[in-house]
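Model the structure of this input:
(3 chains)
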Amino acid sequence: MILVLEQLLNGLQYGVMLFLLAAGLTLIFGIMGVINLAHGSLYMVGAYAGTFVAAETGSFWLGLPAALGAAALTGLAIEALVIRKLYQRDHLDQVLATFALILMFNQLIVMLFGRSPVFTLLPAAFEGSVEILPGLYYPPYRLLIIGAGLLVAVGLYFLINRTRIGMLVRAGSTNRDMVRALGVDIRLLYTVVFGLGALLAGLAGYMAGPILAVQVGMGEQILLATFVVVVIGGVGSIRGAFVAGIGLGVIDTCLRAFLPGMLRTVMPASEADALGVGISSMGIYLLMALVLLIRPKGLFAAGS
Amino acid sequence: MSVILSIVGLVKTFGGLIATDNVSLDVREGEIHALIGPNGAGKSTLINQLCGELVSDAGTIHLAGRDITHLKTPDRVALGLGRTFQITSLLDELSVLENVGMAIQVREGHNFRIYDLARGRRAVWDEARGFVASSGLADRADIRVADLSHGEKKQLELIVALAMKPRLLLLDEPMAGLGHVESQAMIEMLSETRKSAAMLLVEHDMEAVFALADRISVLVYGRIIASGTVDEIRNNPAVREAYLGAEDELC
Amino acid sequence: MRNRILALILILALAALPTITQELGEASLLALATRILIYGMAAASLNFILGYGGMVSFGHAAFFGIGAYVVGILASHHASGEPLFGIVPGTDQMLLTLPLAVLVAGLFAAAIGALSLRTGGVQFIMITLAFAQMLFFLFVSLKAYGGEDGIIIRRTNALPGLNMRDKATFYYVVLAITVLFFYGLRRLTQSSFGTVISGIRQNERRMAAVGIPAYRYKLYAFVLSGMGAGLAGALMANFLRFASPDMMHWTKSGELMIMVILGGVGTLFGPFLGAAAFLILETFLAAWSEHWPFALGLILLVVVLGTRGGLAALVQRITALVRRGVK
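Next up, the predicted model:
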């Protein structure tokens, strides 16, 4: 039972990370109609910039603004130099141009920081583990991530539902032409949304640092899962990104944690492990295929 | 005269909005039945329900006695339903002749063949050339659709539809955006067409409607409020009030 | 006519290549040429649905990998003598392995296509990617066939009367298949089916209005395309004497798309040019700097943002200029 609770918390923590990335991606796609494969690169940029500053200054907390700033600035630069030219293009051009960005960012990071993974120190106050329930010890840092993720979710909820920008974002994700017709400076809206998405990606990247290794290619690992979240949740829907993000985070984590053990009861250990890892890696994709077959536009598709 | 298209109690709602509300009408063999009504009355919705792009919430559609309510667009086309689009929708990269040829090629079948030569299907291209040559676009046969004028695209819409040899044509505002001379040509083309296919004509241009229609139905807020001959509709007080009076186009 | 002469000259030049590379003592060039031909077929297969059919499949490496694994699995059962599933004996005969690879890739494409084509747009891109990733992880977890390390194929498949271990012979076999493949693809694009598929890309609504149920046609195109990629994968497994999950990784699908766009989307010969450009760039950039992916990314970005129609359009523009110059 304790084990299950722990894995559920791990799943929740992974889920909020997915949500942080998916929220930006789904808005960028919903509003601008751009498939941005380089979103994972912004996550990586945030992780490297934050970790670098944290290591130089010795303070985890000083790394945070560095991560957010670096990711947001990189995002704005990408938007101005590349993405802006892709609004009117077809999906193929978008996929390839942003794929090109992945290649470039990965190599830039190799040039700057080398290939070996970088490790981040935990903030002192969050080391070790605390007993949150009788017998359930859990690392407070992961609780911090969960808390931060939920806080962002609440913040986004208010931003989207209670502010003028949010009104435009909502309108934009259901009917792009309508926003254009309203005479809004659409360029500025795009830039703001892209910057916000980049900021959240940077936040996720930096927070992931102490848990995962900060390394080249970290962006792509989570990128595909993020896309699965966006597509399952319904392109353009923050609510969908939240539900699908948490759901997938929990499902993926639990599959990885428990499936090999369950298989081991019916087959030799080494094969069970390989098969268990394989199937649990397939899990999210299988889920996406199932959801799309039942609801071809995702669970909370905007405008449907 | 026998009925070629019969619609009974057709309904389509979008969310809470009722687009077509219990619409019933029929089109007889050889007639032009005009459907008029103010903007937003549900005319385009009805056309899209008839051609199968929208699934109806209730009601039935019969084409030449066959229930086509639950058929998809291509299956309805196979049974003799043709249409033109209000906003022209053609194969922009192909020429006038190739657009017509594609329609005939599809009609003739054998389109899963992967080792024949589409260009070598003589019967298809001879017929396509015949269609284009006898149309107003005879000297534009090799022009790409993307380079045609609006009026020419509207004409091509009709030629392509006719090349399918439909038994019933759904025409969604064929006059929209045409100049006076072009409209006259289109009216002439449609009255020629009367010989080969019955038509349901959605149109705002009253001059064209009165010149062409055998019968007229008036659609307002998704309901048919009147149906009858040209003279009956002209003199119907409810129609004058609800629709014609407002636009003053009758005078 | 001019095109036929050009094609003939090109085939003759390609046929002379092994002799030339031997004279120059550059055996690696022959290997590069073999890979270009094989990848050219894979990219051209993808281009058929992507460029002619308008379906942006982001999982096409799956079929490439399936083709490779068919060869690999049959070879491993042939080597061990144990039949597959207890009934199907392994084989190392190319006359059997290639058709089987094509068939199995086609079956997978039929299943994946039938499900994926129910969606469209970004969902189609992502669901094809998802299926490819599922297959990737499936093969990673198949310990019996090497897991993530893949299968080593002890020797290249045999063709009666030929010494397939000879690099030049293998190259000629690949060249012959490429020529046939290209001829077949050309016929396909000009066929009744090919014109309908291109019509669907241009305007699906219009095609429905003239009576085309798009789904069936798209599915057929998807299957044909998967079979082409399977053929290429089977040849690649023979060339590398190796089949691994990496061959169906999503970045491989991305590379196939890069080849298509470098060469020119929706052109017959473009994908071969694109495969050549990509592999030559990769080879020479890698020799020049370990940071070659950066340069590759930059070039790709410039091509996508800056040019319309890729290398095929460029070649066309140049030949037009030359022709005008001659006159």
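
Report the contact partners of the closest residue to residue C:245 other than its chain neighbours.
Sequence neighbours aside, residue C:139 is the residue nearest to residue C:245 in space, at 4.3 Å (criterion: Cβ to Cβ, 6 or more residues apart in numbering or on different chains). Just so you know, the C-beta spots here come from the backbone N, C-alpha and C atoms, and that holds for glycine as well. Contact analysis of residue C:139 by Cβ atoms under 8 Å, 6 or more residues apart in numbering or on different chains lists C:65, C:69, C:145, C:147, C:150, C:244-245, C:248.

If you rank those residues by neighbours, which is first?
Highest neighbour count within the contacts of residue C:139: residue C:65, with 32 neighbours (other Cβ atoms under 10 Å in any protein chain shown).

part of a helix, is that one?
Yes - Residue C:65 sits within a helix when classified using DSSP: H, G, I helix; E, B strand; the rest coil.

sec struct for the residue nearest to residue A:91 when sequence neighbours are not counted, please.
The shortest distance from residue A:91 to any non-neighbouring residue, by Cβ to Cβ, 6+ apart, is to residue C:56 (5.3 Å). What three-state DSSP gives for residue C:56 is coil.

what secondary structure does the residue nearest to residue C:245 sit in?
Following three-state DSSP, residue C:139 is assigned to helix.

Repeat that for residue C:113.
helix.

check contacts around it.
Contact analysis of residue C:113 by Cβ under 8 Å, 6+ apart lists C:218-219, C:222-223, C:226.

Please tabulate those residues in a markdown table, including the columns pLDDT, secondary structure and distance to chain B.
Formatted as a markdown table, these follow (pLDDT from 0 to 100; DSSP: H, G, I helix; E, B strand; the rest coil; distance: Cβ to the nearest Cβ, whole Å):
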| residue | pLDDT | secondary structure | distance to chain B |
| --- | --- | --- | --- |
| C:218 | 97 | helix | 12 |
| C:219 | 97 | helix | 11 |
| C:222 | 98 | helix | 14 |
| C:223 | 98 | helix | 11 |
| C:226 | 98 | helix | 15 |
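
any chance of those in JSON lines, with distance to residue C:103 and neighbour count too?
JSON lines is the format used below for the contacts of residue C:113 (distance: Cβ to Cβ, whole Å; neighbours: other Cβ atoms under 10 Å in any protein chain shown):
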{"residue": "C:218", "distance to residue C:103": "20", "neighbour count": "23"}
{"residue": "C:219", "distance to residue C:103": "17", "neighbour count": "17"}
{"residue": "C:222", "distance to residue C:103": "15", "neighbour count": "26"}
{"residue": "C:223", "distance to residue C:103": "11", "neighbour count": "22"}
{"residue": "C:226", "distance to residue C:103": "11", "neighbour count": "32"}
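
Farthest-apart pair in these, please.
Greatest spacing in those, by Cβ to Cβ: C:218 and C:226 (12.4 Å).

what sits against the residue nearest to residue A:91?
Counting by Cβ under 8 Å, 6+ apart, residue C:56 touches A:90-92, A:95, C:50, C:124-125.

anything in the one helix or strand residue C:294 maps to near chain A?
Using DSSP states H and E, residue C:294 sits within helix C:292-306. Yes - applying Cβ under 8 Å from any Cβ of the partner chain, one finds that helix C:292-306 is in contact with chain A at C:293-294, C:296-298, C:300-301, C:304-305.

Off-centre distance for that helix?
Centre-to-centre, helix C:292-306 and its host chain are 21 Å apart (Cα atoms, centre = their mean, to the nearest Å).

what comes up buried for that helix?
Within helix C:292-306, the residues that count as buried by 16 or more other Cβ atoms under 10 Å in any protein chain shown are C:292-297, C:299-301, C:303-305.

Equivalent analysis for stretch C:181-188, please.
Buried positions in stretch C:181-188, judged by neighbour count with 16+ other Cβ under 10 Å: C:181-182, C:185, C:188.

In CSV: the residues you listed, plus pLDDT, secondary structure and distance to residue A:260.
Listed next are the buried residues of stretch C:181-188 as CSV, based on pLDDT from 0 to 100; DSSP: H, G, I helix; E, B strand; the rest coil; distance: Cβ to Cβ, whole Å:
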residue, pLDDT, secondary structure, distance to residue A:260
C:181, 96, helix, 43
C:182, 94, helix, 47
C:185, 95, helix, 45
C:188, 95, helix, 46
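
neighbours around residue C:16, how many?
For residue C:16, the count of nearby residues is 10 (other Cβ under 10 Å).

what helix or strand is it on?
For residue C:16, the element it lies in under DSSP H and E is helix C:2-24.

Check which element follows that helix along the chain.
Downstream of helix C:2-24, the next assigned helix or strand under DSSP H and E is helix C:27-47.

Using CSV, write out every CA atom in that next one.
The C-alpha trace of helix C:27-47 is given here as CSV (Å, rounded to 0.1, in the frame of the first residue of the first chain):
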residue,chain,number,x,y,z
ALA,C,27,35.7,1.5,-51.5
SER,C,28,33.8,3.6,-49.0
LEU,C,29,32.3,5.6,-51.9
LEU,C,30,30.6,2.4,-53.1
ALA,C,31,29.1,1.8,-49.7
LEU,C,32,27.9,5.4,-49.7
ALA,C,33,26.3,4.9,-53.1
THR,C,34,24.6,1.7,-52.0
ARG,C,35,23.1,3.5,-48.9
ILE,C,36,21.9,6.4,-51.0
LEU,C,37,20.0,4.1,-53.4
ILE,C,38,18.4,2.2,-50.5
TYR,C,39,17.5,5.3,-48.5
GLY,C,40,16.3,6.9,-51.8
MET,C,41,13.7,4.1,-52.1
ALA,C,42,12.6,4.6,-48.5
ALA,C,43,12.3,8.3,-48.9
ALA,C,44,10.5,8.0,-52.3
SER,C,45,8.0,5.6,-50.6
LEU,C,46,7.4,8.2,-47.9
ASN,C,47,7.1,10.9,-50.5
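
Pull out the buried positions in it.
C:29-47.

Spell out the residue ranges of the strands in chain B.
Using DSSP state E, the strands of chain B run over residues B:3-14, B:17-28, B:32-36, B:58-63, B:66-67, B:81-84, B:168-172, B:198-202, B:215-220, B:223-229.

Where does the prediction get shaky in the stretch 151-251 of chain B?
Within the stretch 151-251 of chain B, the stretches with pLDDT under 70 are B:242-251.

What distance do you get for the residue nearest to residue A:91 to chain B?
Separation of residue C:56 from chain B (Cβ to the nearest Cβ, to the nearest Å): 18 Å.

Now do residue B:204: how many residues are near it, please.
Counted with other Cβ under 10 Å, residue B:204 comes out at 16.

mind listing what it touches?
Residue B:204 neighbours (Cβ under 8 Å, 6+ apart): B:36, B:173, B:175-176.

buried stuff in the helix or strand of chain C with the lowest mean pLDDT?
Ranking every helix and strand in chain C by mean pLDDT, DSSP states H and E puts helix C:310-326 at the bottom, with a mean of 74. Burial within helix C:310-326, assessed by neighbour count using 16+ other Cβ under 10 Å, is assigned to C:310-315.

Reformat those residues as a markdown table; add distance to chain A.
Formatted as a markdown table, those follow (distance: Cβ to the nearest Cβ, whole Å):
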| residue | distance to chain A |
| --- | --- |
| C:310 | 11 |
| C:311 | 14 |
| C:312 | 15 |
| C:313 | 15 |
| C:314 | 17 |
| C:315 | 20 |
